[in-house]
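model this:
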Amino acid sequence: MDKRILVPLAEGFEMIEALSIVDVFRRAGAQVDLAAVGSARQVTSSHGVPVIADTLLTDCMDTVYDLIVLPGGIPGALNLKESKELAVLLKRQQSEKKLYGAICASPALVLEHHGLLEGKAATCHPGFVENLTCRDRVGEKVVVDGNCITSRGAGTSIDFALELLEILLGQEKRQEVARQMAIAD
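Numbering: from 1, shown residues only. Model prediction:
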């Protein structure tokens with residue numbers, strides 16, 4: 001498997017959103033870099049659960065990713081928004097027309113803030129919809145617009161992860177992983 005995915009973690013991230021993506025892609029055999037924003041690999045979720053990342057985001061700056069995907073959570077999304085390194089990686093991803101995505105508050109607070117939703121439809125957590133410029137599809141669980149994929153929140157995490165998987169690795173791989181997870185897909 002030669003696909004590489006980056007999932008950045010910042011203090012206060014939503015654990016279900018982050019680890020659903022990691023789980024689905026690792027089941028599929030993809031290389032997933034769980035990268036901590038900041039100077040320590042241990043990052044605490046929005047519900048107080050410590051998670052040890054594989055690496056630091058600063059160590060990922062020269063790596064080429066097929067997909068960069070952001071979990072939400074508060075204050076996690078706000079902390080992702082403040083990361084200069086993450087902004088560089090996301091803007092490079094967009095300019096190279098590679099996949100990037102976000103769930104929950106992150107589409108509105110991170111992608112919108114950095115101009116990564118310009119001309120694109122997106123969805124996010126209902127509590128952050130007012131931060132989106134384009135609100136045409138905010139009621140959908142997952143919105144795919146070109147190389148940008150967004151989703152609403154913790155309750156749509158598996159749908160989001162499986163959609164990302166299908167886009168990157170195909171419908172057959174999506175069905176294979178869904179079967180492993182006992183999801184009728």
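
Wasn't residue 166 part of a helix?
Yes - counting by DSSP: H, G, I helix; E, B strand; the rest coil, residue 166 is part of a helix.

Please tell me I have it right and it contacts residue 176.
No - counting by CB atoms under 8 Å, residue 166 stays clear of residue 176, with 10.8 Å between them. Yep, even glycine has a C-beta here, placed from its N, CA and C like the rest.

ok, residue 50 - how many residues close by?
Neighbour count of residue 50, defined by other CB atoms under 10 Å: 8.

list the contacts for it?
The contact partners of residue 50, by CB atoms under 8 Å, 6 or more residues apart in numbering, come to 42-44.

can you do 6 Å?
42, 44 (CB atoms under 6 Å, 6 or more residues apart in numbering).

again with residue 9
Shown in contact with residue 9 (CB under 6 Å, 6+ apart): 18, 36, 43, 53.

element containing the closest residue to it other than its chain neighbours?
Leaving aside its sequence neighbours, residue 9 sits nearest to residue 43 (CB to CB, 6 or more residues apart in numbering; 4.3 Å). Element membership of residue 43 [criterion: DSSP states H and E] is strand 42-44.
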